[in-house]
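K.L.:
this one's sequence-less:
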C-alpha cells in the first residue's frame, strides 16, 4: 500500500525552537519512515548537526484516495503555522517559505520582490548573451538540450501536448495558422527575400559546422532524408494513402499545379544539365536495382 501523511518537524537548539510542516509519500509504515523533511530555503538547519530534529506525524491516509485532500490541507496547515508561530524571516519560528504555490508575503517585498527578481534575471541573460551570443547557452548545454529534445519519448510527449492544446484552443490555433500564412505568403515568402535567405544560410553554416546549405542539400543528407521518409511510409501505409488522396485532391482543385511543376522541372533540367544527368542515372539505378549496373555505360 502507498501512504501519504502530513508531518511537523520540530528543531531544537538550546532555547531556540523552530518548526517545519510538510507532506510525504511512502510505501512503508509512516511511523517507520526515516524521512525528516527536505526544505530548500533553510536547508542549513538540517545540515547543522548541532540542531536536534524530531518528527510528529499529524495525519495518515491512502495515497490513491487522499493525496489531493492532503495537499490542500498542507497549505492550510502552513498558513496556520505562519499565524501561530510567525515566519522565520520576521523573527518567527516557522521555516516554511511557501505553502503550495503561495509564497510568504515577506518574500515578495524588498529585495525579493518580483520586480527585483526580474532585474536579476535580465542581468543574468545579458551576461550569458555577452558570453555565448543570442543562444545564451554554452555549446555543451546546447548539445545536451538537443539530445534531450530528440529523445523519442520527449518528442511524443511534445506532440501529444501540442495536439491537446490545439484541441482545447481551436480559435487561437486558427489565428496562429492565419498569421503564419500571412507572414510567409506571396511577397513575404523567404524564398523571395534575399536578406532572409542570407540570414538562413548563415544560421545553417553555424549549425552545421560551416557546411551550411551545402550540408543540408548534400547527397548524403538527401539520401538520409529520403530513406527516413521511405521508412515512414513503409511502416505507416495509412499515411501513404492519406498523402496520395491529399495530392489527388490538390491536383483536382488546381489542375495548373501539374503544369507548373512540369514547367519548373523542365527549366531545372535545362539550367542544370550535369546535375540532371546525375539525377537520371541515380533514378535508373534505383529503379532497376542491381541490373542497373549495366546502365553505367549508357550514362558515361
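P.N.:
Good, I have the coordinates. Everything quoted here is computed from the prediction, not taken from an experiment. Numbering: from 1, shown residues only.
K.L.:
only C-alpha atoms for contact and neighbour calcs from this point on.
P.N.:
OK.
K.L.:
what's the neighbour count on residue 277?
P.N.:
By other Cα atoms under 10 Å, 14 other residues sit near residue 277.
K.L.:
from residue 166, how far out is it?
P.N.:
From residue 277 across to residue 166, the span is 46 Å (Cα to Cα, to the nearest Å).
K.L.:
residue ranges of the helices in the chain, please?
P.N.:
Secondary structure of the chain, counting by DSSP state H: helices at 44-47, 63-85, 114-132, 139-149, 152-168, 170-184, 194-207, 212-216, 219-235, 237-253, 256-271, 273-288, 296-299.
K.L.:
in TSV: these, plus distance to residue 14 and mean pLDDT.
P.N.:
Converted to TSV, the helices of the chain look like this (distance: least, Cα to Cα, whole Å; pLDDT from 0 to 100):
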stretch	distance to residue 14	mean pLDDT
helix 44-47	14	86
helix 63-85	18	90
helix 114-132	36	77
helix 139-149	47	85
helix 152-168	51	89
helix 170-184	61	84
helix 194-207	61	72
helix 212-216	68	58
helix 219-235	69	73
helix 237-253	72	80
helix 256-271	86	79
helix 273-288	85	75
helix 296-299	93	48
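K.L.:
would JSON lines of those with distance to residue 106 be doable?
P.N.:
Converted to JSON lines, those look like this (distance: least, Cα to Cα, whole Å):
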{"stretch": "helix 44-47", "distance to residue 106": "20"}
{"stretch": "helix 63-85", "distance to residue 106": "11"}
{"stretch": "helix 114-132", "distance to residue 106": "12"}
{"stretch": "helix 139-149", "distance to residue 106": "35"}
{"stretch": "helix 152-168", "distance to residue 106": "36"}
{"stretch": "helix 170-184", "distance to residue 106": "38"}
{"stretch": "helix 194-207", "distance to residue 106": "46"}
{"stretch": "helix 212-216", "distance to residue 106": "53"}
{"stretch": "helix 219-235", "distance to residue 106": "56"}
{"stretch": "helix 237-253", "distance to residue 106": "57"}
{"stretch": "helix 256-271", "distance to residue 106": "66"}
{"stretch": "helix 273-288", "distance to residue 106": "70"}
{"stretch": "helix 296-299", "distance to residue 106": "80"}
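K.L.:
buried sites along stretch 54-62?
P.N.:
Using 16 or more other Cα atoms under 10 Å as the test for burial, stretch 54-62 gives 55, 57, 60-61.
K.L.:
now do stretch 125-139
P.N.:
Neighbour-count burial for stretch 125-139, counted by 16+ other Cα under 10 Å, picks out 125, 128, 136-137.
K.L.:
domain parsing for the protein?
P.N.:
Domain assignment of the chain by automatic domain parsing yields the ranges 3-104, 218-253, 265-300.
K.L.:
hey, which of the ones you listed is tucked in deepest?
P.N.:
domain 3-104 (a mean of 15; mean count of other Cα atoms under 10 Å).
K.L.:
how far off centre is that domain?
P.N.:
With Cα atoms, centre = their mean, to the nearest Å as the basis, domain 3-104 stands 32 Å off its chain's centre.
K.L.:
now the end-to-end length of it.
P.N.:
Terminal residues of domain 3-104 lie 28 Å apart, using Cα to Cα.
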